[in-house]
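Asker: Starting from these lines, generate the structure:
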Amino acid sequence: MIAAETSQCLLVTGMPGAGKSTVTRLVAERLPRSAKLDGDDLNKMIVNGFVWALGEPADEAARQVRLLHRNLCALAANFADAGFTPLIDAMIADRTKLDFFLELLAPRRVLFIVLAPGIESCRYRNTIRDPRDRFDFDGYEALDATMKREFGDVGWWFDTADLTPDETADRIVRQAHRRALAN
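Answerer: Next up, the predicted model:
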């Protein structure tokens, strides 16, 4: 069981359509003291000058992604230190970004989960989303290969293809403490 009495952060990633937002919300609802931190929500705080992560100019997009990740980690650290379990919903594509999170969240315990229902499930789930929440993305194969190569041995690669969001959340609450340790 994810323990509320220890200073820990739950970091959830996966390809677009993997279920990050839904699952982190459901896990947060099951914990006695929790906070859901969504990268998309933080990005919406930028009123003017926002550049999408894959947008142009590329150097500004990269700068804003780093800012987003620092802000997510600062909020998570504050919540963890106050006795809440923060659940971070973020797209983490490679080991460099994962290490950045781990460094900023240290010395707190980090549970790292990659929701991995498979490319076809992610594509399908993305198509049935509310149009405002869809993410037009054609790089699933490359992203999947990069994620597996970069941090396939870290945390918990959780195949959720045959699970409902509620079943996924229940398993995370029960098993993450022993399957998802990243540091």
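
Asker: Contacts only, for residue 64.
Answerer: Taking CB atoms under 8 Å, 6 or more residues apart in numbering, we find residue 64 in contact with 43, 46, 50-51, 53. Any C-beta I mention is one placed from the backbone N, CA and C, and that applies to glycine too.

Asker: Just those residues: which are in strands?
Answerer: Using DSSP state E, no member of the contacts of residue 64 falls in strands.

Asker: Between these, which has the least confident prediction?
Answerer: Lowest pLDDT within these is found at residue 53 (81).

Asker: low-confidence ranges in the chain?
Answerer: Within the chain, the stretches with pLDDT under 70 are 1-6, 134.

Asker: what ranges do the helices span in it?
Answerer: For the chain, the helices defined by DSSP state H cover 20-30, 39-43, 58-81, 95-105, 119-127, 140-151, 165-179.

Asker: Residue 111 touches residue 175, doesn't it?
Answerer: No - taking contacts as CB atoms under 8 Å, residue 111 lies outside contact range of residue 175: 10.0 Å.

Asker: Relative to residue 67, how far out is residue 139?
Answerer: 23 Å (CB to CB, to the nearest Å).

Asker: ok, back up a step: in the contacts of residue 64, find the pair that's most separated.
Answerer: 46 and 53 (12.3 Å; CB to CB).

Asker: before we move on, back to that, looking at the contacts of residue 64, which one is closest to residue 16?
Answerer: Distance to residue 16 across the contacts of residue 64 (CB to CB) is lowest for residue 53, with 11.4 Å.

Asker: What sits closest to the closest one if chain neighbours are left out?
Answerer: residue 65 (5.2 Å; CB to CB, 6 or more residues apart in numbering).

Asker: got a list of what the spatially closest residue to residue 25 that is not a sequence neighbour touches?
Answerer: Nearest residue to residue 25 in three dimensions, chain neighbours excluded: residue 36, at 5.6 Å (CB to CB, 6+ apart). When contacts are counted by CB under 8 Å, 6+ apart, residue 36 touches 24-25, 28, 86-87, 89.

Asker: Looking at these, which two lie furthest apart in space?
Answerer: It's 25 and 86 that sit farthest apart of the contacts of residue 36, by CB to CB, at 13.0 Å.

Asker: These two: who's more crowded?
Answerer: residue 86 (26 against 16; other CB atoms under 10 Å).
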